[in-house]
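> build the 3D model from these lines:
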Amino acid sequence: MKVLVIGHPQAVLGFSLAGVQGIAVSTAAETNKALDEAMASSDVGIILITQDVSSLIETRMDQLRQNSTVPLVVEIPGVNGTSADQPSIGDVLLRAIGIKI
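The predicted structure follows:
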């Protein structure tokens, strides 16, 4: 199963340098379309979505956080980093896949 990143163009570029495919989006419509395509793909196991983009579709993200199993949808910090009230990417990965970085 693959990991796919949906988010800000700079974040997608950064993940692509590590070999992770991504879809750069900047509007709610583009985000929803990218999520629909990723959810329909049988080879995507984890979808990483940046906070700046997930804030464009808050209601859908709330539903995905509660109900997502396969693919697992995980919100990650955007290009501006995390806010003080948000867990670090290490904490998110530990909870999501059990790996501490």
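
> quick check: which ranges of this structure have low pLDDT?
Applying pLDDT under 70 to the chain flags the ranges 79-90, 92-93, 96-97, 99-101.

> how far off centre is the longest helix along it?
If you go by DSSP state H, the chain has its longest helix at helix 28-40. Centroid displacement of helix 28-40 relative to its chain, using CA atoms, centre = their mean, to the nearest Å, is 11 Å.

> residues contacting the helix or strand just after that helix, please?
Per DSSP states H and E, the first helix or strand lying C-terminal to helix 28-40 is strand 44-50. For strand 44-50, contacts defined as CB atoms under 8 Å, 6 or more residues apart in numbering pick out 1-8, 11, 15, 20, 31, 35, 38-39, 61, 70-79, 96-97. Quick note: C-beta positions are derived from backbone N, CA and C, even for glycine.

> buried ones among those?
3-8, 11, 15, 31, 35, 38, 61, 71-78 (16 or more other CB atoms under 10 Å).
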